[in-house]
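In: this is a predicted model, with the sequence first.
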Amino acid sequence: MSRTVPNPKRALRLVPDLPDQAARRALAGRVHYRGSPHHKRNPGDFGLTPPAAPRRAKSLCDSVQIFRHEDALRLLREGLVRGLWSVRQTGEFPANVWAVTADGSALEAVVDANGEAHGYPLADDDPFAAEVFERWGR
């Protein structure tokens, strides 16, 4: 299910405003992926409580074949290293990080002030996905 109105708070931080590569790698090493049962039908190895509780209005990670915690964490960290950060911050972490799967699906993660994240695929018709694809490809 897609949003009827795009989220106006989403904006990629401009590359000149990003920390250098070493700082991005260091920050990527401090994030954790906790997942959300609202975005899972198949709980995989995420250790969620409850294991799965998909909501109709939520996009599911299952639709883009993310079933392993290791894969979700790798994509989150790669998005940080590549600089797909939101303008908004939560403490030392960007509020959002974006990534693209190997099969070309755009993902969005929400990161809290402790560096814990959960993510989900962007809708195919979400106009923000084009910005994510462009930055990811650079």
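Out: Done, it's in.

In: assign the spatially most central residue of the chain to helix, strand or coil.
Out: Centroid-nearest residue in the chain: Ala109, 2.4 Å away (criterion: Cα atoms, centre = their mean). Using DSSP: H, G, I helix; E, B strand; the rest coil, the structure places Ala109 in strand.

In: what's the helix or strand harbouring Trp98 packed up against?
Out: For Trp98, the host element (DSSP states H and E) is strand 96-100. Helices and strands touching strand 96-100, by 3 or more Cβ pairs under 8 Å, 6 or more residues apart in numbering; DSSP states H and E, are helix 69-82, strand 106-111, strand 116-121, helix 128-137. Where you see a C-beta, it was placed from the backbone N, CA and C, and this is true even at glycine.

In: alpha carbons of it, as CSV, please.
Out: The C-alpha coordinates for strand 96-100 follow below in CSV (Å, rounded to 0.1, in the frame of the first residue of the first chain):
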residue,chain,number,x,y,z
ASN,A,96,16.3,8.0,8.0
VAL,A,97,18.7,5.9,5.9
TRP,A,98,17.9,4.6,2.4
ALA,A,99,19.3,1.6,0.5
VAL,A,100,18.6,-0.4,-2.6
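
In: show me how far that strand is from its chain's centre.
Out: 4 Å (Cα atoms, centre = their mean, to the nearest Å).

In: quick check: which ranges of this structure have low pLDDT?
Out: Within the chain, the stretches with pLDDT under 70 are 1-6, 8, 54-55, 57.

In: what residues of the helix or strand harbouring Ala26 count as buried?
Out: For Ala26, the enclosing helix or strand under DSSP H and E is helix 21-28. Judged by neighbour count using 16 or more other Cβ atoms under 10 Å, the buried positions of helix 21-28 are Arg24, Leu27, Ala28.
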